[in-house]
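>>> Sequence first, then the predicted structure:
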Amino acid sequence: MAASTATASAVPQRSRLARLPVVAQLRQSVGLQRGMLVGGLVLTGIFLLTAAFAPVLAPYGYAQLRDASGSFGAQQPPSAEHLLGTTVGGYDVLSRVIWGARTAFLVIVVAVVASILVGVLLGLISGYFGGWLDRIMVMIADAIYAFPSLLLAIVLAIVISGGQSSMWGGIFAAALSITVIFIPQYLRVTRSEVIRIKSEAFVESARVIGAGHVRIMTRHVLRNSTRTLPLILTLNASEAILTLAGLGFLGFGIEPTAAAEWGYDLNKSLSDVTAGIWWTSVFPGLAIVLVVLGLTLVGESLNDLADPRLRKRAAGPEPVEDLGVELPEQQEGER
Amino acid sequence: MSVAVDTPPETTTKESGGSLGRYILVRALLIIPTVFILVTTVFLLMRTTGDPITASQGGRLPPDQLAERIHAAGYDRPLITQYLEYLGGILRGDFGTTLSDRRPVTEVLLTFGSATLELAIYALIVAFLLGIPLGRLAAYHRDKAPDAVLRVSAILAYATPVFFAGLLLKLIFSVWLGVLPVAGRASTRAELTMQKLDNPTGIYLIDAIRTGDPAVIGDVLTHAVLPALTLGLLTAGVFLRLVRTNVISTFGAGYVEAARSRGVPERRLLRKHAYKPALIPIITVIGLQIALLLGGAVLTETTFEWKGLGFQLAQYLQARDFVAVQGIVAVLAVIVALTNFIVDVIAALIDPRVRY
């Protein structure tokens, strides 16, 4: 994700670069779809940069209550010292919003990596071998999939952290709760791809040559069944943020002294709103909205571009990205 | 997130006699393993890592007293014994008793379930009223300005956490404009009036209508506006995108093409040909939306102090009463499984292709 976003800005080399997941779609898109994709990439890029450079960008620490000139004071309105005001706990809102990006990013990375590893592996096994194992796994996955993910995340957060919350404890609790919800999705997607690919001629020929199960699974099947992963990945990243914020909002967030977390700050601002104190809730909330918006726009565009019914086509035959055909702007796909 | 829902998979033509009945039976039997898996998962997760009494009282009580209470509650017995007892309880409709206020979970469900049901119904109404017509509009103006605006709004509706949407609406309409109440399901006076009814349903709108007092009805309705909008917007966005995608794909279908070539005007094509078949997948998706709605209800209820199951769940979470949490989650698992079943049956009644 990070690598492809970074390279997206340096497009026009064709070759290998042009075939990277996001770059290829960017070249394929036209008009509104391209606008949405670019908008999403920009927002995602800002988010990643904020997460990376939080210590430089934030005026204060996330748990800082005072500086040289004394205590910050609670619920101070936005001012020159505190551009976005201070919270009910006396923290600087801007600093916590910026540091919150880092927490969110870490949770996404842990959650997505863990669920891809486990989900893809299980999907591979389930789809490749089939039989009763497959049936049981699909049944469990379906049961979990149909269940409100937030509730499951709550249960897991209790289990993992027992309600205690250090920075890494909180991050892992949130990330792993999200992981369990996502595993069924990766399992389903990988499984259906594997089943499709399993019957292809090249798998058959590998078997005839005498390749073992593990080799066929990794070399021939896995490599070809990761097509749809970037799409689910971006969609899940946004869901991960929402789940993290939901957990934080219900009081299963990370303690303010351990790390900054947007959902937790919103929970604390609940009573401020009634008193008309708006800055403690609006800014962390906006941060969540913008990040999720960015990731969703990317995911959504990838989804549409992957679905021929929704892809807005330039007139004429399907452009093949490797030929380096420049797509004409603003061609209506009217039929 | 819905990744463009397709119309149901391959149609296997079977002899038609009794296939619907068989489908319903099979589908009903599938509820059992689903509920079993969820309940087992929740039990194992929560119990293998510790017992609820240590979780709620650990550190606050001296170790010997703690051990005594654990023993009294039976949490020191082998896990398998506890598990079988738990399953047996569920079969008898006993989901446990809360630690903090010693109430059976089923009683909690009966007391607070109606409030959540009422909120969910309001939210679904909002979602239908907004999502379906707007999705149709977006499909009709595909890739033009209205489509762009609507799609981005739908994504925004998804990207905004329900509780933040709730906070914003509250800030604007209750605090700044002062036109709607800040929180709660009704004002104290209205609640007192409704309590005088014999057999209150717990669904405030029905109770309010039964009192026959327009002031009470108005009070209940104004309290419902913001929570309903908050939760409804989330689902409306999903419906909008789904209707849009489906209308676009039916718009390109052979029979629409045929009608078009006969000279049927575009507007009529949309209204008569493409629109209705595009609605069928919505019914299937509602099943998945129930899960989303319930999760959203927990957050919405907390935001607006709407005293339903979700609000109560959040209270128990704060109190570290994990028996209550486990019980409520298990009850919700049953509810989700049942609603999914009902939705599937309705979908099968409407669209014969579903019952393959």
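Alright, I've got the coordinates. Residues are numbered from 1 along each chain as shown, chains lettered A, B, ... in the order given.
>>> what are the ranges of the helices in chain A?
Taking DSSP state H as the criterion, chain A contains helices spanning A:2-8, A:21-28, A:31-52, A:54-57, A:93-129, A:131-145, A:149-161, A:167-198, A:201-209, A:213-215, A:229-247, A:262-268, A:270-274, A:279-306.
>>> lowest-confidence stretch among these?
For the helices of chain A, mean pLDDT drops lowest on helix A:2-8, to a mean of 44.
>>> what residues are up against the residue lying closest to residue B:120 once chain neighbours are set aside?
In this structure, residue B:120 finds its nearest non-sequential neighbour in residue B:293, 5.3 Å apart by Cβ to Cβ, 6 or more residues apart in numbering or on different chains. Heads up, the C-betas are built off the backbone N, CA and C, glycines and all. Neighbouring residues of residue B:293 by Cβ atoms under 8 Å, 6 or more residues apart in numbering or on different chains: B:120, B:123-124, B:231, B:235.
>>> For residue B:89, see how far away residue B:293 is.
27 Å (Cβ to Cβ, to the nearest Å).
>>> With residue B:231 instead?
From residue B:231 to residue B:89 the distance is 32 Å (Cβ to Cβ).
>>> okay, these two: which has more neighbours?
residue B:231 (30 against 16; other Cβ atoms under 10 Å in any protein chain shown).
>>> Name the nearest residue to that one, ignoring sequence neighbours.
Closest residue to residue B:231 apart from its sequence neighbours, by Cβ to Cβ, 6+ apart: residue B:123 at 3.7 Å.
>>> Kindly tell me how buried residue 128 is, as a neighbour count.
Answering for chain A, as no chain was given. Neighbour tally, residue A:128, other Cβ under 10 Å: 21.
>>> my question was about chain B
Neighbour tally, residue B:128, other Cβ under 10 Å: 16.
>>> For it, give me its contacts.
residue B:239.
>>> Need the helices of chain A in a markdown table (columns: distance to chain B).
Shown next, in a markdown table, are the helices of chain A (distance: least, Cβ to the nearest Cβ, whole Å):
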| stretch | distance to chain B |
| --- | --- |
| helix A:2-8 | 18 |
| helix A:21-28 | 15 |
| helix A:31-52 | 5 |
| helix A:54-57 | 21 |
| helix A:93-129 | 12 |
| helix A:131-145 | 4 |
| helix A:149-161 | 4 |
| helix A:167-198 | 9 |
| helix A:201-209 | 22 |
| helix A:213-215 | 28 |
| helix A:229-247 | 5 |
| helix A:262-268 | 6 |
| helix A:270-274 | 5 |
| helix A:279-306 | 4 |
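>>> Pull the number of nearby residues for the nearest residue to residue A:134 once chain neighbours are set aside.
Distance criterion Cβ to Cβ, 6+ apart; nearest residue to residue A:134, sequence neighbours excluded, is residue A:126 at 4.6 Å. Using other Cβ under 10 Å, the number of residues around residue A:126 comes to 23.
>>> Surely residue A:126 touches residue A:191?
Yes. Assessed by Cβ atoms under 8 Å, residue A:126 is found in contact with residue A:191 at 4.9 Å.
>>> anything in contact with each of the two?
What both residue A:126 and residue A:191 touch, as defined by Cβ under 8 Å, 6+ apart, is the set A:134, A:138.
>>> wait, what's in contact with residue A:144?
Residue A:144 sits in contact with A:152, A:180-181, A:183-184, B:37-38, B:41, where contact means Cβ under 8 Å, 6+ apart.
>>> returning to that earlier point: between the helices of chain A, which one is closest to residue B:28.
helix A:131-145 (15.4 Å; Cβ to Cβ).
>>> Can you list the buried residues in the closest one?
Neighbour counts over helix A:131-145 (16 or more other Cβ atoms under 10 Å in any protein chain shown) mark A:134, A:137-138, A:140-145 as buried.
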